[in-house]
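J.: Pasting the sequence and the predicted model now:
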Amino acid sequence: VSRGLGDVYKRQLHYRMDYFIYIADDFFFLCIGLLLLYLFILAVASHFKHSNYPKARKQYQCAILVQDGSLLPFMYQQEAYEFITYKDLLEAINSLDKERYELVILLSDKASALSPHFLEKIYNAYDAGIQAMQLHTIINNHKGVRKRFHTLSEEINNSLFRSGNTQIGFSSSLFGTNMAFDLEWLQKNQRTAKTNLERKLFKQNIYIEYLPDVIVHCDSAPVYPYRRRIRKTLSYLLPSLLEGNWNFCNRIAQQLIPSPMKLCTFVSIWTLLITGYHWTSSLKWWILLLGLAITYSPVSYTHLRAHE
């Protein structure tokens, strides 16, 4: 009798375990499947041709802020670029004369070269009413596995959350450097050196443009200045929904998405576990893993090769 009861208990335990695994499997597949669909839409949109802004109707005055010691002022001394070096960014921004400058560009301390017609394309966007612009950061030094992976990750961000966003009508995300702003807005909103300008722009529902053809070449990866705080990010979700600020809602959702490395690692491990547990249930996961590879690879490797 005791042996029979033991067999019944084992069967019940096995049944409960199967039930839990299948529920978890369906939940994970639904969430990651929806996420993959969203990323795939952004990936496809990023390959659409960007429309060019009409030529600016007037010549604007722009200050280009670079850290003290940058070689850019010497490299482009023959160009009509007005570089201003600084040691304290906030002090440099507040010292700019609004009567003289309409625009300000913040360049990374890693910046080593600028693309042709750099200012012209920024002026065209500004003349069309764009107050905030993210420029295209390209990391030149990607020798070695770690640096190459970092470069690929940044190009994925450029493609999905900058180019993809703007192509479907949302604002670009900000890198935190290599950006252009309306000077009056920046002086009002840059309170400290660590002010999260991206969050302020989204809260004020100001559109951020991404200019893929305005390129800043960097010798190494710039440091991302904004800390990702999940709890604080989520605190803005409900107010944004109530206000109908879908632009900010979209950005909040994107900040909760795991990095490509973490997402692919989780899906790979879960796929292998399910394959070993019940291989017929793993077929959908292999398809999902292939979908991730298709989504990420064209927007990273293709973009990287294009600028080598």
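T.: Done, it's in. Residues are numbered from 1 along each chain as shown.
J.: what sits against the nearest residue to T177 once chain neighbours are set aside?
T.: Counting by C-beta to C-beta, 6 or more residues apart in numbering, T177 lies nearest to S108, which is 4.2 Å off, once chain neighbours are set aside. In this view, the C-beta of every residue, glycine as well, is placed from N, C-alpha and C. Contacts for S108 (C-beta atoms under 8 Å, 6 or more residues apart in numbering) come out as 137, 177-178, 216, 218, 222.
J.: buried ones in stretch 198-216?
T.: Within stretch 198-216, the residues scored as buried using 16 or more other C-beta atoms under 10 Å are 198-202, 206-212, 214-216.
J.: Could you export the contacts of S108 as CSV, including secondary structure, pLDDT and distance to I23?
T.: Below are these laid out as CSV (DSSP: H, G, I helix; E, B strand; the rest coil; pLDDT from 0 to 100; distance: C-beta to C-beta, whole Å):
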residue, secondary structure, pLDDT, distance to I23
T137, strand, 90, 43
T177, coil, 90, 44
N178, coil, 94, 45
V216, strand, 93, 48
C218, strand, 88, 46
P222, coil, 79, 43
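J.: Closest one to F83 out of those residues, please.
T.: F83 has its nearest neighbour among those in V216, at 13.4 Å by C-beta to C-beta.
J.: ok, back up a step: list just the nearest of the contacts of S108 to D68.
T.: T177 (15.6 Å).
J.: I'd say the closest one and Q134 touch.
T.: No. T177 sits out of contact with Q134 when judged by C-beta atoms under 8 Å, with a separation of 9.5 Å.
J.: which of these two has more neighbours?
T.: Q134 (28 against 20; other C-beta atoms under 10 Å).
J.: Go over the secondary structure and confirm the more buried one is in a strand.
T.: Yes. Counting by DSSP: H, G, I helix; E, B strand; the rest coil, Q134 falls inside a strand.
J.: That one bridge partners, please.
T.: Under DSSP bridges, the beta-bridge partners of Q134 are M179, Y210.
J.: Against R162, how distant is it?
T.: Distance, Q134 to R162, using C-beta to C-beta, to the nearest Å: 6 Å.
J.: Mutual contacts of these two, please.
T.: Shared contacts of Q134 and R162, defined by C-beta under 8 Å, 6+ apart, comprise 172-173, 210.
J.: Run through this protein and note the low-pLDDT ranges.
T.: 1-10, 12-14, 142, 225-228, 298-308 (pLDDT under 70).
J.: Please enumerate the helices of it.
T.: 2-46, 72-75, 89-95, 118-127, 145-157, 165-167, 183-189, 197-203, 230-235, 237-243, 246-255, 260-277, 283-306 (DSSP state H).
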